[in-house]
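Engineer: Would you be able to build a 3D model of this:
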Amino acid sequence: MAQSSDFERLLHTVDVAVASGREAPAVPAEAEGGRLRALHNLRTLQDYIARWLTVLDSEHVDTAQLAAGARRTAEDLDAATAVLREIAQGLPVDRGSLPADRAPSVAELRTARTRGDILAAESAFAQRLALAHEHSPVTTRWSVTAGASRAFEAVSELGVRVRARAVLPSAFEADLARWSCPPSAPEAHYPDGDAPPCCRRDSP
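Structural biologist: Numbers count the residues shown, from 1 in each chain. Next up, the predicted model:
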C-alpha cells in the first residue's frame, strides 16, 4: 500500500471494513469515479465506525457520544453526496444565490438547488400562462388572497370562487385558466397590493 494513492487507500480501507460480512451500500452508477465516489465510500466507512462503536459500548467504555458524532458525519456526507449528484445530473441550481467570493457550503448548495427547482417551476407555469393568453384573447380577472399553509382563494369578476393549495402562487394562477368562464387567460390581483409570495415556507 506504500505506493497507493489516498483514494486507493480509502477504497481498500472500506473493502477491509465491510469484509466481516456487513452489507455496504451500492455505489450509484453516476458516482463510480471521482469525488462523488470518494464521498460515498467515506459515508460507508463512517457508518461502519458508528456501528462498531455501538457494539463496543459497555460498562467499560461509553461510546454513545462518539457513535452519535459518527452518525451525524455520515448524514452530512449523505447530504453532500446527494446535492452534488443532483448538480452533476444537470438539475437546476439558482447560481445567483451562491456566494461569489468563496466555495459554497453544503447547506448553501442545497438551498440553491431548492431555489433552482422553484425558478424552473415558475418558468414552466409562466409558459402555461403565456399559452393561455396566446390561445384566448379573453381575460378573466380574479381577486386572489393568499392564506396560511399555501392556501389560496380566488373570486372571479363573474363570482366564481376557487379555493386550493399550491406550492407556488404561479401554479394556482395557471390553474385559474380552466375555472374562468369561458376558459380564458387569468389576470390575478392580490387585494393587499403585495406581490404574491415566491414560495411560502409554512407547512402544507
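
Engineer: Please count neighbours and contacts with C-alpha atoms only from this point.
Structural biologist: Noted.

Engineer: Now do the phi/psi pair for residue 141.
Structural biologist: Backbone torsions for residue 141, taken as degrees, to the nearest 10, come to phi -90, psi 130.

Engineer: Write down the beta-bridge partners of it, one by one.
Structural biologist: residue 187 (DSSP bridges).

Engineer: do you know how far it is from residue 41?
Structural biologist: 56 Å (C-alpha to C-alpha, to the nearest Å).

Engineer: Comparing the two, which shows the higher neighbour count?
Structural biologist: Comparing residue 141 with residue 41 by neighbour count (other C-alpha atoms under 10 Å), the higher total belongs to residue 41, at 23 against 19.

Engineer: in the strand or helix carrying the more buried one, what counts as buried?
Structural biologist: Residue 41 belongs to helix 34-56 when assigned by DSSP states H and E. Residues 36-50, 53-54 are the ones in helix 34-56 that count as buried (16 or more other C-alpha atoms under 10 Å).

Engineer: Ok, stretch 131-151 next?
Structural biologist: Those would be 132-133, 138-142, 144-146, 150-151, for stretch 131-151 by 16+ other C-alpha under 10 Å.

Engineer: what's the helix or strand for the spatially most central residue of the chain?
Structural biologist: Per C-alpha atoms, centre = their mean, the C-alpha nearest to the average position across the chain is that of residue 114, at 4.5 Å. Assigned by DSSP H and E, residue 114 belongs to helix 106-135.

Engineer: Would you mind pulling up the elements that that helix packs against?
Structural biologist: Here helix 106-135 touches helix 64-88, helix 169-179, strand 185-189, going by 3 or more C-alpha pairs under 8 Å, 6 or more residues apart in numbering; DSSP states H and E.

Engineer: Tell me which of those lies nearest to residue 126.
Structural biologist: Nearest of those to residue 126, taken as C-alpha to C-alpha: helix 169-179 at 7.2 Å.

Engineer: Helix 106-135 and that closest one, what's the angle between them?
Structural biologist: Inter-element angle recorded for helix 169-179 and helix 106-135: 20 degrees (by axes from the mean of the first three to the mean of the last three C-alpha atoms, to 10 degrees).

Engineer: could you give the mean pLDDT of helix 169-179?
Structural biologist: Summarised as a single mean, pLDDT over helix 169-179 is 88.

Engineer: Adjust the sequence numbering to begin at 525 for everything that follows.
Structural biologist: Shifting the count to begin at 525 puts that one at helix 693-703.
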